[in-house]
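**Q** Would you be able to build a 3D model of this:
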Amino acid sequence: MSHCRDCGLLLSRAVPEGDNCERDLCLACGYIEYDNPRILTTCMVHEGERLLWIRRALPPDVGKWAIPGGFVECGENLQEAASREIEEETGVRLEPWSLNLYGIGSLPLLGQVYVTFRAPLGAQNYYATDEAEAVALFSASELDWANVAYPDINFHVRRFYREVVKGSFGIYLGEVNAERGVRVLECGKSHAVQRLVKDF
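**A** The predicted structure is shown next:
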């Protein structure tokens, strides 16, 4: 952004008073432009030991398989965003409050935070859409892992496949960081106890 949202003058790059980061700010009216992470939701929709995947029709990674998901819009809660994205990409309609939290992951380098849910498919039909060239259910052994979008998070999907076989799910907090690598914590049932997960 180059101009102030309030007065229209050019923004300058400086550290605002009382802050510790450089930001775009207006020296005329004092407006500060904060660059905050974008929030995305995904959902592990499953039937038995299979997960619902889309073959992407839109950039990035056109033609590769991905878990349904996308950006949260203003005015939506997290579950509503996930439910909308699932329907837009697969035709499947899931009640937002039927989705169960599965994990939260930070990608600081990209300025993104992912919130992942899980939900059974139930007796629903799915189909290709403008956003998905194809939609299909795959078990872990059926999926073409070499043709999956965003391979950096494959450990997350592989863990879900192991858990769906057992029918027992954790809730995870994670980070993919260029400097620190991948770190994942499993939250206890009280969300007060965490342990480092070493499964990737």
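
**Q** Name all residues that make contact with the residue nearest in space to the middle of the chain.
**A** Centroid-nearest residue in the chain, with Cα atoms, centre = their mean: Tyr114, separated by 3.2 Å. Neighbour list for Tyr114: 40-42, 69, 103-107 [criterion: Cβ atoms under 8 Å, 6 or more residues apart in numbering]. Any C-beta I mention is one placed from the backbone N, CA and C, and that applies to glycine too.

**Q** for Ala119, same thing?
**A** By Cβ under 8 Å, 6+ apart, the contact set of Ala119 is 43-46, 94, 98-100.

**Q** Could you identify the buried members of those residues?
**A** 43-46, 94, 99 (16 or more other Cβ atoms under 10 Å).

**Q** Can you convert those residues into a markdown table and add a column each for secondary structure?
**A** Converted to a markdown table, the buried ones among the contacts of Ala119 look like this (DSSP: H, G, I helix; E, B strand; the rest coil):
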| residue | secondary structure |
| --- | --- |
| Cys43 | strand |
| Met44 | strand |
| Val45 | strand |
| His46 | strand |
| Leu94 | coil |
| Leu99 | coil |
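
**Q** nearest to Thr129, of these?
**A** Lowest distance from Thr129 to the buried ones among the contacts of Ala119 (Cβ to Cβ) belongs to Val45, with 14.2 Å.

**Q** pLDDT at that closest one, what is it?
**A** Val45 carries a pLDDT score of 98 in this model.

**Q** And for the residue nearest to it when sequence neighbours are not counted, the neighbour number?
**A** Of all residues not flanking Val45 in the chain, Leu52 sits nearest, at 4.0 Å (Cβ to Cβ, 6 or more residues apart in numbering). By other Cβ atoms under 10 Å, 23 other residues sit near Leu52.

**Q** In contact with Leu52, which residues?
**A** By Cβ under 8 Å, 6+ apart, the neighbours of Leu52 are 45-46, 67-68, 90, 92, 121, 126, 135-137.

**Q** element containing it, please.
**A** In this structure, Leu52 sits in strand 50-56 according to DSSP states H and E.

**Q** do Ser106 as well
**A** Using DSSP H and E, Ser106 falls in strand 100-107.

**Q** Over to Leu185?
**A** Going by DSSP H and E, Leu185 is in strand 181-187.

**Q** That strand: which residues count as buried?
**A** The neighbour-count check on strand 181-187 (16+ other Cβ under 10 Å) flags 183-187 as buried.

**Q** Who are the packing partners of it?
**A** helix 154-166, strand 171-177, strand 194-196 (3 or more Cβ pairs under 8 Å, 6 or more residues apart in numbering; DSSP states H and E).
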